[in-house]
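Undergrad: mind folding the following:
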Amino acid sequence: MGIHLTKAVIPAAGLGTRFLPATKAMPKEMLPVVDKPAIQYVVEEAVDAGLSDVLVVTGRNKTAIDNHFDRVYELESTLEQKGKGDMLRVVNESTALADMHYVRQGDPLGLGHAVLRAKMHVGHEPFAVLLGDDIIDARDPLLQRMLDVQGQRNATVIALMEVDPSQTHLYGVASVEATDDDDVVKVTGLVEKPDPGKSPSNLAIIGRYVLRPEVFDVLENTPPGKGGEIQLTDALLTLAEDDEIAGGVYGVVFRGRRYDTGDKLDYIKAIVQLACDRKDLGPDLRPWLKEFVGGL
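TA: Below is the predicted model:
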């Protein structure tokens, strides 16, 4: 059995070029999804799964992230004086969410390098990595299932999702073998963004990982891959090919609701989907959407 995990790592050093000019002066992780920044959904997911120690790997011009999770005394005082208790409660929620820590990535050398920057903070225990582009619906607890599988198998666990075969070139894709759990597979190989028609499966890696600390040693010896960056997928392949290093790699096949905020169209879809499910917005938004779409 594995040990109880407490630490989550959120890489957030990217430039967000796909959302320019909105991300010229604001981190892409702070773009609002309805009325919360995208990164807050990710931190809340970690906390809901019992991971209260959160390290954000940041870059230049990312101070808005740590400001968001810090106290804002002037705002809190003003809201309190004006009797706006509901607003004050919402502001304080982000402040009290988790024990937040920050480290700069420095050189933009890829996701694997960003994870490696967490080595000093994580130490010698398993930890979770959550990418901010993927928002997992709170009603579909993927991370908790991954933590359970990690505890049972004491291995590295990644999240997989079936995608249309025409889309596999956009993802890291896994070769797998079945296990005795319907939603768990053993990962035997990984390919980062395979050429069209050459994908080993339609099981794509999505942005959730539960890693054993041995991954740090592997990353330190992983040469730059696609794009000249240190790819986490390459390190995971090393772990998948040799069970002796860290117990192998398993995948949890996720069939729940995932919102991709990584490009403009999917970002807009995510906002609409989440807003439609909100009790305060859905009843008015859904009829308006039907009317709007009907008029197109």
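
Undergrad: check contacts around V129.
TA: By C-beta atoms under 8 Å, 6 or more residues apart in numbering, the residues touching V129 are A8, V9, I10, P11, V115, G207, R208, Y209, V210, L211, L232. To be clear about C-beta, it is placed using only N, CA and C from the backbone, and glycine gets the same treatment.

Undergrad: from these, which would you call buried?
TA: For the contacts of V129, a burial check counting by 16 or more other C-beta atoms under 10 Å picks out A8, V9, I10, P11, V115, G207, R208, Y209, V210, L211, L232.

Undergrad: show me the contacts of V129 that map onto strands.
TA: The strands, defined by DSSP state E, take in A8, V9, I10, P11, G207, R208, Y209, V210, L211 from those.

Undergrad: in three-state terms, label H101 for me.
TA: strand (DSSP: H, G, I helix; E, B strand; the rest coil).

Undergrad: how far away is the spatially closest residue to it that is not a sequence neighbour from D134?
TA: In space, and not counting its chain neighbours, H101 is closest to L55: 4.6 Å by C-beta to C-beta, 6 or more residues apart in numbering. Distance of L55 to D134, computed by C-beta to C-beta, to the nearest Å: 18 Å.

Undergrad: okay, now the unreliable bits of the stretch 151-296 of the chain?
TA: Of all residues in the stretch 151-296 of the chain, none has pLDDT under 70.

Undergrad: the helices in it, which residues?
TA: 214-220, 232-241, 243-246, 264-276, 282-294 (DSSP state H, counting those that start in this stretch).

Undergrad: which helices and strands sit right next to the shortest one?
TA: Translated: helix 243-246. Packing partners of helix 243-246 (3 or more C-beta pairs under 8 Å, 6 or more residues apart in numbering; DSSP states H and E): helix 214-220, helix 232-241.

Undergrad: C-alpha coordinates for the shortest one, PDB please?
TA: Taking Å, rounded to 0.1, in the frame of the first residue of the first chain, the C-alpha atoms of helix 214-220 are listed here in PDB:
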ATOM      1  CA  GLU A 214      11.500   8.300  -8.700                       C
ATOM      2  CA  VAL A 215      10.200  10.400 -11.700                       C
ATOM      3  CA  PHE A 216      12.600  13.200 -10.700                       C
ATOM      4  CA  ASP A 217      15.700  11.000 -11.200                       C
ATOM      5  CA  VAL A 218      14.300   9.900 -14.600                       C
ATOM      6  CA  LEU A 219      13.600  13.500 -15.600                       C
ATOM      7  CA  GLU A 220      17.100  14.600 -14.700                       C
END
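
Undergrad: return the distance of it from the chain's centre.
TA: With C-alpha atoms, centre = their mean, to the nearest Å as the basis, helix 214-220 stands 20 Å off its chain's centre.

Undergrad: what of the last one?
TA: In terms of C-alpha atoms, centre = their mean, the centre of helix 232-241 is found 18 Å from the chain centre.

Undergrad: what packs against that helix?
TA: helix 111-116, strand 156-162, strand 184-192, strand 203-211, helix 214-220, helix 243-246, strand 249-253.

Undergrad: same list, these, but as JSON lines with distance to R89 please.
TA: Converted to JSON lines, the helices and strands packed on helix 232-241 look like this (distance: least, C-beta to C-beta, whole Å):
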{"stretch": "helix 111-116", "distance to R89": "33"}
{"stretch": "strand 156-162", "distance to R89": "32"}
{"stretch": "strand 184-192", "distance to R89": "39"}
{"stretch": "strand 203-211", "distance to R89": "29"}
{"stretch": "helix 214-220", "distance to R89": "39"}
{"stretch": "helix 243-246", "distance to R89": "42"}
{"stretch": "strand 249-253", "distance to R89": "34"}
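
Undergrad: which among those is found nearest to A128?
TA: strand 203-211 (5.1 Å; C-beta to C-beta).
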